[in-house]
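S.K.: Predicted coordinates and the sequence they were generated for:
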Amino acid sequence: MAQSVSSNSGKKLIEIDISSDTVCPWCFVGKKNLEKAVASSKDQYDFEIKWHPYFLNPSAPKEGVNKKDYYREKFGSRSEQIHARMSQVFKGLGMEYNLSGLTGNTMDSHRLIHLAGQQGLDKQNDLVEELFLGYFTQAKYVGDREFLVESARKVGVEGAAEFLEDPNNGLKEVNDELEKYSARISGVPNFTINGKHQLSGGQPPEVFLKAFEVAASDTA
């Protein structure tokens with residue numbers, strides 16, 4: 001896995017495993033910056049991107065709680081400062097950060113991301129985008145079944161409603177991935193490149209570009 005391999009196109013293949021939670025704003029920022037880096041280096045490399053679960057708050061209630069109240073309780077007087085900072089970062093990416101709506105348990109969103117991955121990594125990546133957009137810019141709740149099913153429909157993921165109906169569908173797979181990819185990290189986003197090189201946080205595109213270079217030249 002750590003080896004630099006060539007794809008069918010003859011270009012070096014860069015495999016990126018991302019541990020993320022659907023309520024993590026820096027995960028969305030990291031995704032946007034990663035995509036800029038990928039877009040500017042597609043002539044050099046082929047990419048395979050996989051999303052893996054992480055739970056910032058594993059005991060978060062399924063029914064959801066007011067997002068603003070939750071942040072005030074969690075961060076106290078720092079919550080306004082954090083909100084202002086995230087608003088600034090999102091504005092720099094051409095988006096409006098919305099702190100309205102609910103936050104809560106993200107298990108169903110991770111089960112759905114797993115299902116999407118079974119139908120294609122592009123679909124999985126597109127679904128993650130829809131979930132982030134909805135939660136961070138449109139006050140949607142990632143625990144809301146209708147929002148999840150609609151997001152799946154938009155990106156062409158089939159059978160989402162039926163899959164989510166049974167709470168056991170995808171549960172083992174999510175827990176297995178959690179153990180394999182996220183058990184030894186302390187925060188998200190976490191990017192593992194070619195199974196070896198790790199980056200964490202919402203890194204700027206140039207940091208990803210440098211990491212691609214290092215990973216591609218590493219044949220050990």
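M.R.: Done, it's in.

S.K.: At which residues are the strands of this structure located?
M.R.: 5-6, 12-20, 45-53, 65-66, 102-103, 190-193, 197-200 (DSSP state E).

S.K.: of those strands, which approaches E150 most closely?
M.R.: Closest approach to E150 among the strands of the chain (Cβ to Cβ): strand 102-103, 16.1 Å. Where C-beta positions appear, they are placed from N, C-alpha and C, glycine not excepted.

S.K.: Now do the closest one: distance to the chain's middle.
M.R.: Here strand 102-103 is found 17 Å from its chain centre; the criterion is Cα atoms, centre = their mean, to the nearest Å.

S.K.: which stretch among the strands of the chain comes nearest S151?
M.R.: Closest approach to S151 among the strands of the chain is made by strand 45-53 (13.7 Å; Cβ to Cβ).

S.K.: Adjacent strands (with direction) for the closest one?
M.R.: Applying DSSP bridges, strand 45-53 is found paired with strand 12-20 (parallel).

S.K.: Just the CA trace of the partner strand, in CSV.
M.R.: What follows is strand 12-20, C-alpha atoms only, in CSV (Å, rounded to 0.1, in the frame of the first residue of the first chain):
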residue,chain,number,x,y,z
LYS,A,12,1.5,7.5,-10.7
LEU,A,13,-1.5,6.5,-8.6
ILE,A,14,-2.1,8.6,-5.5
GLU,A,15,-4.5,6.8,-3.0
ILE,A,16,-6.0,9.0,-0.4
ASP,A,17,-7.8,7.7,2.7
ILE,A,18,-9.7,10.4,4.5
SER,A,19,-11.1,10.0,8.0
SER,A,20,-13.8,12.6,8.6
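
S.K.: Show which residues not belonging to that strand make contact with it.
M.R.: Outside strand 12-20, the residues within contact range by Cβ atoms under 8 Å, 6 or more residues apart in numbering are 1, 4-7, 27, 30-31, 34, 44-54, 128, 181-182, 185, 188-195, 212, 215-216.

S.K.: hang on, the earlier thing: mind putting the strands of the chain into CSV with mean pLDDT, distance to S87 and mean neighbour count?
M.R.: Listed next are those as CSV, based on pLDDT from 0 to 100; distance: least, Cβ to Cβ, whole Å; neighbours: other Cβ atoms under 10 Å:
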stretch, mean pLDDT, distance to S87, mean neighbour count
strand 5-6, 50, 41, 12
strand 12-20, 97, 21, 22
strand 45-53, 97, 25, 19
strand 65-66, 97, 18, 15
strand 102-103, 98, 17, 22
strand 190-193, 97, 24, 22
strand 197-200, 94, 22, 16
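
S.K.: Can I get the ones you listed in TSV including distance to Y135?
M.R.: Shown next, in TSV, are the strands of the chain (distance: least, Cβ to Cβ, whole Å):
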stretch	distance to Y135
strand 5-6	35
strand 12-20	12
strand 45-53	15
strand 65-66	14
strand 102-103	8
strand 190-193	19
strand 197-200	21
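
S.K.: mind checking which of the ones you listed is nearest E177?
M.R.: Of those, the one closest to E177 (Cβ to Cβ) turns out to be strand 45-53, at 4.8 Å.

S.K.: can you list contacts of the closest one?
M.R.: For strand 45-53, using Cβ under 8 Å, 6+ apart, the contacting residues are 7, 9, 11-21, 34, 38, 106, 110, 113-114, 117, 121, 124-125, 128, 174, 177-178, 180-182, 212, 216.
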